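S.K.: Need the 3D shape of this:
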Amino acid sequence: MTEKRHRAVWGRLLLLNALLVGVILLLGGCSQETPSPPTPTGASPTSGAVVALATRPATPTPTPSPTATPTPPPAVTPTPTATPTPGPTVSPDIAALPVRVRQGDFLSTIALRYGIPLDVLISYNHIENPDAVAAGERLLIPYPATRTTPDRILLPDSEIVFGPAYLDFDTETFVAEQGGWLASYAEPWFDGQTATGAQLIDYVAKRYSVGPRVLLALLEARSGWVTHPQEPQGQAKDYPMGHLATGGNFEVQLEWAADALNSGFYGWMDRGETGVRFRNYSIARGAPGLNPGTIALQRTLAQDATFEELPAELDAFMEAYHRLFGDPFQYDQGRILPWELKQPPLQLPWEPGEWWYLTGGPHGAWGAGSSWAALDFVPEDAVVGGCIPAETWARAAAPGLIVRNNRGELLVDLDDDGDMRTGWIIQYLHLSARPPQGEQLQTGDPIGHPACEGGQAASSHLHIARRYNGVWVAAGGPIPLQLGDWTAFASGAPYEGGLIGPNREKITACDCREKNINGIWREK
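M.R.: Sure thing, here's the model as predicted:
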């Protein structure tokens with residue numbers, strides 16, 4: 001994403017058994033994927049960089065930390081009423097999960113590490129040249145599935161995303177009515193301010209575009225914060241979402257939950273990830289026929305459970321949800337992305353007569369777990385490797401109403417109804433000198449200077465992504481991001497891919513400023 005991430009382009013020329021001295025992608029910013037956990041018991045991806053077919057020792061296996069599992073109330077069975085979004089069209093006996101190739105990795109090492117035959121790894125990932133797989137490349141590990149998760153559909157897809165299902169839901173009012181610890185909770189916020197528990201729920205829901213009812217039900221199931229008025233003690237206070245592997249701050253716990261839900265949702269819907277990894281790093285296949293909403297819940301809860309504990313965790317969540325909100329299918333909005341959906345016209349987000357460079361192909365719009373909905377651009381005058389705002393203005397790609405202006409981020413509503421939960425929304429991120437919330441933009445209006453504000457960034461740039469009805473829309477997916485005459489395409493890893501131009505010319509993302517590689521000149 002930034003210019004500190006170096007592509008190991010020359011590494012593709014190395015011969016069999018040669019070890020590339022390359023550079024791993026540095027920046028998590030604009031949020032790169034977090035490295036996967038170590039491998040135990042024949043399963044679980046790690047991360048990585050260039051491979052040849054020599055044999056290398058496998059990575060040692062650490063012992064995972066135990067996590068307390070709550071005793072759930074009796075199960076409640078929901079009544080699905082609509083056909084959910086289908087899952088990946090992958091063999092039902094394959095539990096696929098991603099890994100990132102690390103510097104010094106070999107395909108044979110990866111295959112050995114995860115107990116996968118080398119030829120299966122190569123064929124499943126359609127690798128044409130096994131002797132030159134690049135640093136940072138994403139592979140799917142096709143684990144043979146001996147177990148599948150429960151096949152009950154628990155949540156409609158529209159309940160996971162911050163979309164039309166939440167038009168009549170007010171988090172602050174609901175939390176106050178419950179009278180639990182959450183209603184009296186507050187913590188220090190930006191610029192000396194204080195944020196209440198309900199405000200933090202809404203903040204994370206809007207940032208990640210995740211449904212607040214799901215966050216509240218998970219919080220209630222794991223710690224009772226929503227309805228229990230007494231101050232919680234021990235882990236229930238320090239880790240209210242029940243996830244001990246992250247920090248104990250409430251906002252940190254909420255952001256873990258939101259990113260985990262997104263990872264399960266979009267991994268199933270967009271990226272062919274059919275596996276579910278558990279606390280002890282064992283793997284199961286997500287039951288074929290599940291919808292993204294249900295698999296998102298399963299994958300989130302599985303991080304703090306074993307395979308045997310997962311049904312009880314699901315029951316505890318559903319009991320809390322039903323007690324707080326009733327049947328989730330009463331909120332079902334049907335198919336989350338209509339078959340006939342088309343993107344409205346968008347222009348390149350800069351002035352005609354300027355060179356800009358594509359430094360990040362399709363990658364997470366907010367957090368590593370979300371859809372690969374975003375592209376990153378940098379203007380010619382931006383400081384290389386620094387966060388000084390560029391003098392050049394980023395420009396509105398389409399007319400719309402600014403419905404959010406917060407910490408470097410603008411959300412622009414293209415249907416002008418003033419609600420980020422409905423219709424097409426454009427996200428612009430890492431901008432300074434932004435116009436105020438409530439301003440009506442026209443195409444080409446200045447929207448800020450590319451900088452590092454908001455999210456994670458190590459170099460000034462513009463990040464642009466799309467939502468529709470709360471769903472992050474994959475930039476290189478079936479409804480590709482089109483900017484003027486340029487159309488985005490994805491590759492095997494986040495931040496890779498590029499754009500195809502009006503004459504079928506192709507540019508590819510890189511941490512460079514090479515006009516013949518990643519440059520786009522907007523004609524006057």
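S.K.: what comes into contact with stretch 163-177?
M.R.: 156, 158-159, 182-183, 196-199, 201-202, 205, 209, 211-213, 216, 226, 331-333, 336, 419, 421-422, 469-471 (C-beta atoms under 8 Å, 6 or more residues apart in numbering). Bear in mind the C-beta positions are built from the backbone N, C-alpha and C, glycine included.
S.K.: likewise stretch 488-495?
M.R.: Defining contact as C-beta under 8 Å, 6+ apart, one finds that stretch 488-495 is touched by 1, 5, 25, 32-33, 100, 125, 136-139, 360-364, 368, 372, 375-376, 474-477, 480-482, 496-500, 509.
S.K.: change it to 6 Å
M.R.: 1, 33, 136-138, 360-363, 372, 475-476, 480-481, 497, 499 (C-beta atoms under 6 Å, 6 or more residues apart in numbering).
S.K.: Using CSV, list the CA coordinates for it.
M.R.: Output of stretch 488-495 as CSV, limited to C-alpha atoms (Å, rounded to 0.1, in the frame of the first residue of the first chain):
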residue,chain,number,x,y,z
ALA,A,488,-9.8,-2.7,-11.3
PHE,A,489,-8.7,-6.3,-11.2
ALA,A,490,-7.6,-8.4,-8.3
SER,A,491,-4.7,-10.8,-7.9
GLY,A,492,-3.9,-13.6,-5.5
ALA,A,493,-3.0,-11.3,-2.6
PRO,A,494,-4.2,-8.0,-1.1
TYR,A,495,-2.5,-4.9,-2.5
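S.K.: Can you tell me the centre-most residue of the chain?
M.R.: Centroid-nearest residue in the chain: S370, 1.7 Å away (criterion: C-alpha atoms, centre = their mean).
S.K.: and of the contacts of stretch 488-495, the nearest to S432?
M.R.: M1 (17.7 Å; C-beta to C-beta).
S.K.: What's the local residue count around the residue nearest to K506 when sequence neighbours are not counted?
M.R.: In space, and not counting its chain neighbours, K506 is closest to I500: 5.3 Å by C-beta to C-beta, 6 or more residues apart in numbering. Counted with other C-beta atoms under 10 Å, residues neighbouring I500 total 16.
S.K.: L118 too?
M.R.: Neighbours around L118, by other C-beta under 10 Å: 16.
S.K.: before we move on, what about P311?
M.R.: Counted with other C-beta under 10 Å, P311 comes out at 16.
S.K.: Next: E340.
M.R.: 5.
S.K.: What of the one 4 residues further on?
M.R.: P344 sits with 15 neighbouring residues when counted by other C-beta under 10 Å.
S.K.: can you pull the contacts of it?
M.R.: Taking C-beta under 6 Å, 6+ apart as the criterion, P344 is in contact with 414, 424.
S.K.: before we move on, what about the one 10 residues further on?
M.R.: By C-beta under 6 Å, 6+ apart, E354 lies in contact with R522.
S.K.: rerun at 10 Å
M.R.: 348, 379-381, 392-393, 395, 520-522, 524 (C-beta atoms under 10 Å, 6 or more residues apart in numbering).
S.K.: and what of F377?
M.R.: 348-350, 356-360, 394, 450, 461-464, 483, 499, 509, 518, 520.
S.K.: re the thing from before, among the contacts of stretch 163-177, which are in helices?
M.R.: 158-159, 182-183, 197-199, 201-202, 205, 212-213, 216 (DSSP state H).
S.K.: Using JSON lines, lay out those together with neighbour count and distance to A316.
M.R.: JSON lines is the format used below for the ones in helices among the contacts of stretch 163-177 (neighbours: other C-beta atoms under 10 Å; distance: C-beta to C-beta, whole Å):
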{"residue": "S158", "neighbour count": "26", "distance to A316": "23"}
{"residue": "E159", "neighbour count": "25", "distance to A316": "17"}
{"residue": "L182", "neighbour count": "29", "distance to A316": "18"}
{"residue": "A183", "neighbour count": "19", "distance to A316": "22"}
{"residue": "G197", "neighbour count": "26", "distance to A316": "21"}
{"residue": "A198", "neighbour count": "21", "distance to A316": "23"}
{"residue": "Q199", "neighbour count": "17", "distance to A316": "26"}
{"residue": "I201", "neighbour count": "27", "distance to A316": "19"}
{"residue": "D202", "neighbour count": "19", "distance to A316": "24"}
{"residue": "A205", "neighbour count": "25", "distance to A316": "22"}
{"residue": "P212", "neighbour count": "22", "distance to A316": "19"}
{"residue": "R213", "neighbour count": "23", "distance to A316": "16"}
{"residue": "L216", "neighbour count": "27", "distance to A316": "14"}
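S.K.: among these, which two are most distant?
M.R.: S158 and A183 (26.7 Å).
S.K.: Under the pLDDT cut-off, which ranges of this protein? List them.
M.R.: 1-90 (pLDDT under 70).
S.K.: Can you check which strand is longest in it?
M.R.: If you go by DSSP state E, the chain has its longest strand at strand 355-363.
S.K.: Show me the chain divided up by domain.
M.R.: For the chain, automatic domain parsing gives the domain ranges 1-63+102-135, 157-331, 355-521.
S.K.: among those, which is nearest T146?
M.R.: The nearest among these, by C-beta to C-beta, is domain 157-331 at 8.2 Å.
S.K.: now that closest one, how far from the chain's geometric center?
M.R.: The chain centroid and the centroid of domain 157-331 are separated by 15 Å under C-alpha atoms, centre = their mean, to the nearest Å.
S.K.: first vs last residue of it, how far apart are they?
M.R.: Counting by C-alpha to C-alpha, to the nearest Å, you get 10 Å between the two ends of domain 157-331.
S.K.: Which helix or strand lies directly C-terminal to the longest helix anywhere in the chain?
M.R.: Using DSSP H to define each element, the chain has its longest helix at helix 250-269. Downstream of helix 250-269, the first helix or strand assigned by DSSP states H and E is strand 275-277.
S.K.: tell me which strands and helices that next one is in contact with?
M.R.: If you count contacts as 3 or more C-beta pairs under 10 Å, 6 or more residues apart in numbering; DSSP states H and E, strand 275-277 packs onto strand 94-100, strand 138-144, helix 250-269, strand 283-285, helix 292-302.
S.K.: Tell me which of these is the most buried.
M.R.: Mean neighbour counts were taken over the helices and strands packed on strand 275-277 using mean count of other C-beta atoms under 10 Å, and the top value, a mean of 27, falls to helix 292-302.
S.K.: Who are the packing partners of that one?
M.R.: Using 3+ C-beta pairs under 10 Å, 6+ apart, helix 292-302 is in contact with helix 157-160, helix 212-223, helix 250-269, strand 275-277, strand 283-285, helix 310-325.
S.K.: List the residues that contact I116.
M.R.: Contact partners of I116, counting by C-beta under 10 Å, 6+ apart, are 42-43, 110, 122, 124, 139, 141-144.
S.K.: Out of the residues you listed, the closest to F317 would be?
M.R.: Once C-beta to C-beta is applied, the member of these that ends up nearest F317 is A43, at 24.3 Å.
S.K.: on that earlier part again, now, the contacts of F377 that are in strands?
M.R.: 356-360, 394, 450, 462-464, 483, 499, 520.
S.K.: Any chance of CSV for the domains of the chain, columns distance to S91?
M.R.: Formatted as CSV, the domains of the chain follow (distance: least, C-beta to C-beta, whole Å):
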stretch, distance to S91
domain 1-63+102-135, 10
domain 157-331, 9
domain 355-521, 19
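S.K.: what's the closest of those to Q343?
M.R.: Evaluated with C-beta to C-beta, those place domain 355-521 nearest to Q343, the distance being 5.8 Å.
S.K.: so how far is the first residue of that closest one from its last?
M.R.: 5 Å.
S.K.: just stretch 471-487 next, same as before
M.R.: End-to-end span of stretch 471-487 (C-alpha to C-alpha): 20 Å.
S.K.: Same question for stretch 355-375.
M.R.: 16 Å.
S.K.: before we move on, back to that, so which of the contacts of stretch 488-495 wins on neighbours?
M.R.: Comparing the contacts of stretch 488-495 on neighbour count, M1 comes out first with 33 neighbours (neighbours: other C-beta under 10 Å).
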